[in-house]
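> sequence-free structure coming up:
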């Protein structure tokens, strides 16, 4: 399996990018981001060369794929339908792929070979960065202050697991 390494980015770096996107899209005070609306309409206005496609389940194994070299995201049809219907995991998946699109252009990610037993540091791992992007956009740091994981899940439309992980990160525990 190929390993990829991304330009280093901290949670704070990603948070600032997300805050700019939420502000440009009029979502600064919105707890439950309208994922499908954001994906379909708003991003096309922010990125001139953004393309997306919903792929039938029988033609796609993965839940989503991002092709940064051609500015395209593909989402499996059942995932998109689930996101449209409010499923927290599916909503997170779509924002995860959007994170790859925004953070990981070809000039920001490279193939790498790790020594046996060596692991990427989280802030250089494209998957960690995309997960952090999804968490930041779906569970805005400022809007969830003082909430427990059940409140975050209900208010933001995410799974309990995602909300628990978010609280852990906010308290300095690295769960992911």
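Noted; the coordinates are in hand. Quantities reported herein were computed from a predicted structural model and do not represent experimental measurements. Residues are numbered from 1 along each chain as shown.
> which stretches of this protein form strands?
3-6, 51-55, 64-67, 72-76, 109-112 (DSSP state E).
> looking at this protein, which helix or strand does the model trust least?
The helix or strand of the chain with the poorest confidence is strand 109-112; it has a mean of 66 (mean pLDDT, DSSP states H and E).
> Quick one: residues contacting residue 155.
31-32, 143-144, 147 (Cβ atoms under 8 Å, 6 or more residues apart in numbering). From N, CA and C alone the C-beta is placed, and that goes for glycine too.
> go again using 10 Å as the cut-off
By Cβ atoms under 10 Å, 6 or more residues apart in numbering, the contact set of residue 155 is 31-32, 139-140, 143-144, 147, 163.
> Isn't residue 152 up against residue 161?
No: using Cβ atoms under 10 Å, residue 152 makes no contact with residue 161, being 11.1 Å away.
> Of the two, which one has the most company?
Between residue 152 and residue 161, counted using other Cβ atoms under 10 Å, the more crowded position is residue 152 (22 against 14).
> Distance of that one relative to residue 167?
Note on residue 152: its distance to residue 167, by Cβ to Cβ, to the nearest Å, is 7 Å.
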